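Asks: Next one to model:
(5 chains)
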Amino acid sequence: MERNIQEDFTEKLTQAVGEGFSLRWETDSKGVVTGWCRLNDHSQITNVALIVSRLGGRVITITAYKTKDAQQKDIHEIAYHFDLDGCTCTVTIEIPRDIGKVNSITPILKSADWTERELQELYGIKVVGHPNPKRLFLDETIDEGIMNKLIPLSVAMNGATSKTLWEKVFAATSKEADNE
Amino acid sequence: MTDIVKLIFDLLIFPGGLFAVAFGLFLMGIDRKIAARLQRRVGPPVYQPFIDLVKLTRKEIVVPETAHLQAFRLAPLLGVAGMMAAVLLIPIAGVYQGFEHSGDLLVLLYLLSLPAIALMIGGSASSSPFGAIGFSREMVMMMSYELPLLLVLLTVALKVGLATGGIATFSLSEIVQFQLENGALLFDYTMLPALLAFLVFIPGNMGVVPFDIPEAETEIVEGPILEYSGTGLALFKLMTSLKVVVVLGLAIALFFPTPLGENFLLNLLWFFLKCLVLMVISITVVRTSTGRVRMDQAFKFYLKYPTVLALISLVLTLLQG
Amino acid sequence: MSSFLKIAIRNLLKGPSTDPYPFGETFVPKGLRGKVKYNAKACVACRMCEHVCAGGAIQIREVADKSGLEFILWHNTCAFCGLCEHYCPTKAIRLTEDYHTAHRQEDKYRYVEKGFIKYVNCARCATPMVPIALELLNVAYDQVNEDIEKLRHLCPKCRQERAL
Amino acid sequence: MSTYTIPVGPLHVALEEPMYFRVQVEGETVVGLDITAGFVHRGMESLALQRNIYQNITLTERLCSLCSNNHPFTYCMALEKIAGIKVPERGEYLRVIADEIKRIASNLFNTGILAHIIGFDSLFMHVMEIREIVQDTKETIYGNRMDLAANTIGGVKYNLSNEKIKYMIKQMDSLKKPLEEIVDIYMNNKLVRARTEGVGILPKEEAIRYGVVGPVARGSGVNNDVRVKSPYAAYDKIKVNVNVETGCDVRARAIVRLRDIQEAINIIQQCLKKLPDGPTCIDYLPEIPAGEAVAKSEAPRGELIYYLRTNGSDMPERLKWRVPTYMNWEALNVMMPGNKVSDIPLIITSIDPCISCTER
Amino acid sequence: MKKLLQKIAKKSPWLYRINAGSCNGCDVELATTACIPRYDVERLGCKYCGSPKHADIVLITGPLTARVKEKVLRLYDEIPNPKVTVAIGVCPISGGVFRDSYAITGPIDKFIPVDVNVPGCPPRPQAIIDGIVEAIKIWETRL
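Replies: Next comes the predicted model:
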């Protein structure tokens, strides 16, 4: 049964996008299968969503991320994690930064609703065709695409608040030492 | 002249006013203590309601900006005043006569709805959305429990009235007098359904679980009293504690006024004991062993059980008479 | 019977189950993760605790006169997760069972665990260094003999030379 | 009847956490719902990128205290997949035990809150009092009542001595009887039934369409329990009975949660019986190569997934997680309309909303 | 007379909880402390109230997120004086593990005067009771 759904998925994906993808299935020591797929053409993601929908699957979540590599190539990478009867299949697409938008799959798979809204506000990638595209979590005081602004590998522990607080701690504890 | 002095004394010191307040607060303290025990807790000391009142008078009064000021301030006063007056109408056999006017039962009936009206006014004057929901719920609640109450009162009035040769007696003191002479109605099997109906009426009127729908904390954040603070809240607490006395006292006057003897203090103690038992049965145990019902369920419930029970008594009384 | 009344009556008969605290003793299990205690003597200043601390509650820094290292743990940002204890090679840092953490605002910044590691001088070249705790040797070697014990008093550089 | 809007939240007593609902009502009947979230958004995904792999164990645990154990657990599994670390078998069993303990406490809390919402405070207290048995167990074995801090990279930080195993067996046994009693109350008590039956209906097709997970899905007859569908840790060596109800209402969800508690006790007992000897954790500091991995687990509220990308440094390049409650919010749009105002908090509670999880 | 009233009134500290974006650990522990028989704060005269207008002691949890900030400050203002503020858990006190995130505006004492701190993650109920007892002492002087 489980084998079938992966074969089905591969077969249908080939029908839809031809050779324009790479896909591998991994099986771990407990027999759990995980799929890793990469699409050459980012607009095909709606086709993948249709396939998943037909197979009775759902969207688990969608991850956008910024890697050094992606930054150099000036692209956004987005990983869609689908559930096919307990098997997680991750489908990754690349979007040129100057386009900066992606077609919404929420009309096809309702389960993508919130996670697409979140993707839009955190990474500033426009999700086209979303039924309810307003902000999800971010307060109005925070800029859209906040996650793009973070510099990976920065050491956080010297943030402004930490610094002020620790200065107060140092001041208070050394005063105490003077009194002793 | 002495009549007026006596009236003022009755109203402010005993059995109304100070005494009734202390009596009610004490009852509520015991209620909280017993409820705590039923929940495996130690609970607050029995004098906790007094402390709460003292505390509240020392707090700042915050009035919501959009509130209707006068109505907001007057609402709790109205409730307290109504209950102060109502206490005077409750006779305590062997202790206090009550008002010897033929219509006092009907007056009491009207006074009894004042707390609910006070809450409704307060709730809508505070102009919070929850106050508004509280308003409508209070109203529905009132409509649900008034009917069985009315039927119970009518049954008792008829019972006494028919037995004494009239049609119906709407004088509480006469009803008490009748029972002192002919035995308490508690022991009359035809009145048992009415008594049960009254027992069911008590939690509804007192607004405790399962019928605390207008003030449901987890649904509408205490509804009408949400916006009250300090003295305003204290007055509402005062009103509730007076209401306990009125409702329980009424039940005792209607069904079991029998005093112990001639001793004033002993009778008072006996009255207190009766109130306590009644309260534990109809309020404390009920509220600790159930959850809240929905508005529509409460409405249907009151339309069904207590009404039918009261009607049974009514029919039996009429048949006998 | 699925009525709650049965339970309520049982409750009444059994009596309150209330813990006497704050008026009496309370249940404190062994192994409770409470306030951190630091033992400067066992510390080798490897800074692993500082590294793994998610709350940024630990600071180890050289004191102004450069006579040693000061360890400060600010309880008010400690998550009591115990990772520092888990990764501490010498168990110089330990979570105690002391859970009484309530304090007034004026003590907020004074609410710390402090320790001081005084530098010792290398027995050979006299360079100031963090003393090597006995505990570390116990972790590193099955048996601590005299030779190893001697190494303890040398700075890393001298140790290297000596070993060669 | 005219339609008007009532606000629920953001700081509402019935909600353990801030969330803002604008509910359109007609009289006392709900006709529509609008959710505004984000009050507990702490930007944790960005924080995770600024912390090293060790700090993230504690950080992910602070995501939510009710399912706190699942987060570091799943995060560590993802790390271990990338680094190819084999967790000692004893460690895997101990992870399952920690997880199931949290499941018991979490589900008891939710069912307790359900009683509180319907104003049944005595039942609420009774359930919470039973939960104290679990809380004591957690505090005795792990050192904290909420955040177990059991997991670390390559295993667990705690061990069970023989006395502790005995203590645990005793505690689990003492849970059974009171549990049966409250299951009976939740299933058969007239008042509880009157309030929960037929309320907040989520039909099976809708449950599938919205992709709901955990007890919400299982209450609507959809089984996607990760423990069985894609086993992890020691779940492949243990028998797990999945509880599925077909009532589709608040009651069905509550029953699934209560049955899950009973099953969790059963699982713990199996684990304690089978517990192999050996180390509980790897004894070296891990090296994390560049790579990506997903890890899933069944939290008390359902499927939890972590996606981790590393680049060879000891800070993650991307750490993304999707918590179970996240999927269940939108389903409120199906459950709410047609119910009474009194049932709003009840229905919200029935999805066991974990807002701090959802918003991170 | 004032002293006497103070002494009486301090036995009725009503509690109110504000969640300023916490992970719910402290909130669950607060609910446990306030509502269950084992800890029964009613012994101290405490009552958990649903309306800020009725509160005397405010228990704040969470690191104060950007979105909840205004709501919390407004709610805090609605609480009638005299009141005492207790910060529960490390988050409101220092931001805890969430400090320096873009979405956190705390620590809370930047905006609200805090009187008692109860660090812990989460603090156990006994520690919370300690905090409440400490708060009552402060509250008495303000009555």
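Asks: show me what contacts residue A:28?
Replies: Residues in contact with residue A:28 (CB atoms under 8 Å, 6 or more residues apart in numbering or on different chains) are A:34, D:81. Just so you know, the C-beta spots here come from the backbone N, C-alpha and C atoms, and that holds for glycine as well.
Asks: if we go to 10 Å?
Replies: By CB atoms under 10 Å, 6 or more residues apart in numbering or on different chains, residue A:28 lies in contact with A:34, D:81, D:230, D:231, D:232, D:295.
Asks: okay, it: pLDDT?
Replies: In this model, residue A:28 is scored at 83, pLDDT.
Asks: and what of residue C:110?
Replies: 85.
Asks: Skip the chain neighbours and tell me the closest residue to it.
Replies: In this structure, residue C:110 finds its nearest non-sequential neighbour in residue A:172, 4.8 Å apart by CB to CB, 6 or more residues apart in numbering or on different chains.
Asks: now for the contacts of residue A:28, which pair is the farthest apart?
Replies: Farthest-apart pair in these is D:81 and D:231; separation 14.4 Å (CB to CB).
Asks: Need the residue closest to the centroid of the chain.
Replies: Let's take chain A. For chain A, the residue nearest the mean C-alpha position is residue A:63 (0.7 Å; CA atoms, centre = their mean).
Asks: Not quite, go with chain E.
Replies: residue E:59 (1.1 Å).
Asks: closest point of chain A to chain B, which residue?
Replies: When scored by CB to the nearest CB, chain A has residue A:134 as its residue closest to chain B, at 23.2 Å.
Asks: wait, what's in contact with that residue?
Replies: Residue A:134 neighbours (CB under 10 Å, 6+ apart): A:117, A:120, A:121, D:36.
Asks: so which strand or helix has it?
Replies: Using DSSP states H and E, residue A:134 sits within no helix or strand.
Asks: Could you tell me the model confidence score at it?
Replies: For residue A:134, pLDDT reads 76.
Asks: Tell me how many other residues crowd residue D:313.
Replies: By other CB atoms under 10 Å in any protein chain shown, the residues close to residue D:313 number 13.
Asks: Which member of the contacts of residue A:134 is positioned nearest residue B:143?
Replies: Using CB to CB, the contacts of residue A:134 come closest to residue B:143 at residue D:36, 35.7 Å.
Asks: was I right about that closest one contacting residue D:355?
Replies: No. The criterion here is CB atoms under 10 Å, and residue D:36 misses it with residue D:355 at 11.6 Å.
Asks: So which of the contacts of residue A:28 are in helices?
Replies: residue D:81 (DSSP state H).
Asks: In CSV: the contacts of residue A:28, plus pLDDT, neighbour count and distance to chain E.
Replies: CSV is the format used below for the contacts of residue A:28 (pLDDT from 0 to 100; neighbours: other CB atoms under 10 Å in any protein chain shown; distance: CB to the nearest CB, whole Å):
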residue, pLDDT, neighbour count, distance to chain E
A:34, 87, 20, 29
D:81, 88, 19, 24
D:230, 85, 27, 27
D:231, 87, 21, 28
D:232, 87, 22, 24
D:295, 90, 26, 21
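Asks: Nearest to chain C among the contacts of residue A:28?
Replies: Distances from chain C to the contacts of residue A:28, taken by CB to the nearest CB, are shortest for residue D:295, at 19.8 Å.
Asks: And the closest one, how far from residue A:56?
Replies: 23 Å (CB to CB, to the nearest Å).
Asks: repeat for residue C:138
Replies: Going from residue C:138 to residue A:56 by CB to CB gives 59 Å.
Asks: go on, residue E:43?
Replies: Separation of residue E:43 from residue A:56 (CB to CB): 56 Å.
Asks: Looking only at neighbour counts, state which of these two leads.
Replies: More crowded of residue E:43 and residue A:56, by other CB under 10 Å: residue E:43, with 20 against 11.
Asks: Could I get the pLDDT score of that one?
Replies: Taking residue E:43 on its own, its pLDDT is 84.
Asks: Are we agreed that the residue nearest to the centre of chain A is in a helix?
Replies: No. If the criterion is DSSP: H, G, I helix; E, B strand; the rest coil, then residue A:63 is strand and not within a helix.
Asks: Now do the contacts for it.
Replies: A:77-81, A:90, A:92, A:115, A:119, A:123, D:45, D:292, D:294, D:305, D:307-309, D:318-322.
Asks: Enumerate the beta-bridge partners assigned to it.
Replies: residue A:79 (DSSP bridges).
Asks: Spatially central residue in chain B, please.
Replies: residue B:247 (3.0 Å).
Asks: part of a helix, is it?
Replies: Yes. Counting by three-state DSSP, residue B:247 is located in a helix.
Asks: And it, how far from residue B:198?
Replies: From residue B:247 to residue B:198 the distance is 9 Å (CB to CB).
Asks: What of residue D:137?
Replies: 48 Å.
Asks: Please apply the same query to residue D:259.
Replies: In terms of CB to CB, residue D:259 sits 42 Å off from residue B:198.
Asks: Please apply the same query to residue A:22.
Replies: For residue A:22, the distance to residue B:198 - CB to CB - is 79 Å.
Asks: residues contacting the residue nearest to residue C:163 when sequence neighbours are not counted?
Replies: Leaving aside its sequence neighbours, residue C:163 sits nearest to residue C:151 (CB to CB, 6+ apart; 8.0 Å). Applying CB under 10 Å, 6+ apart to residue C:151 gives the contacts C:123, C:132, C:137, C:144, C:158, C:159, C:162, C:163.
Asks: Inside helices: which ones of these?
Replies: C:137, C:158, C:159, C:162, C:163.
Asks: Relative to chain B, how far out is the spatially most central residue of chain D?
Replies: Among the residues of chain D, the one closest to the centroid is residue D:300, at 2.5 Å (CA atoms, centre = their mean). Counting by CB to the nearest CB, to the nearest Å, the gap from residue D:300 to chain B is 22 Å.
Asks: Return the per-residue confidence for the residue nearest to that residue when sequence neighbours are not counted.
Replies: Nearest non-adjacent residue to residue D:300, counting by CB to CB, 6+ apart: residue D:106, 3.7 Å away. Looking at residue D:106, its pLDDT reads 90.
Asks: and residue D:48, how many neighbours does it have?
Replies: There are 23 residues near residue D:48, going by other CB under 10 Å.
Asks: Quick check: next helix or strand after whichever helix or strand residue B:152 is part of?
Replies: Residue B:152 belongs to helix B:129-163 when assigned by DSSP H and E. Next along the chain after helix B:129-163, taking DSSP H and E as the criterion, comes helix B:172-182.
Asks: Is the very next helix or strand once past that following helix in proximity to chain C?
Replies: Counting by DSSP H and E, the next helix or strand C-terminal to helix B:172-182 is helix B:192-206. No. Helix B:192-206 is not in contact with chain C by CB under 10 Å from any CB of the partner chain; minimum separation 14.8 Å.
Asks: what is the orientation angle of helix B:192-206 with helix B:129-163?
Replies: 150 degrees (axes from the mean of the first three to the mean of the last three CA atoms, to 10 degrees).
Asks: And helix B:192-206, what does it pack against?
Replies: Counting by 3 or more CB pairs under 10 Å, 6 or more residues apart in numbering or on different chains; DSSP states H and E, the packing neighbours recorded for helix B:192-206 are helix B:114-125, helix B:129-163, helix B:230-255, helix B:264-279, helix B:285-289, helix B:295-320.
Asks: and it, how far out from the chain's middle?
Replies: 11 Å (CA atoms, centre = their mean, to the nearest Å).
Asks: which residues in chain E form strands?
Replies: E:14-19, E:47-48, E:57-61, E:84-88, E:116-118 (DSSP state E).
Asks: Paired strands for the last one, with orientation please.
Replies: When pairing is defined by DSSP bridges, strand E:116-118 lines up against strand C:103-104 (antiparallel), strand E:84-88 (parallel).
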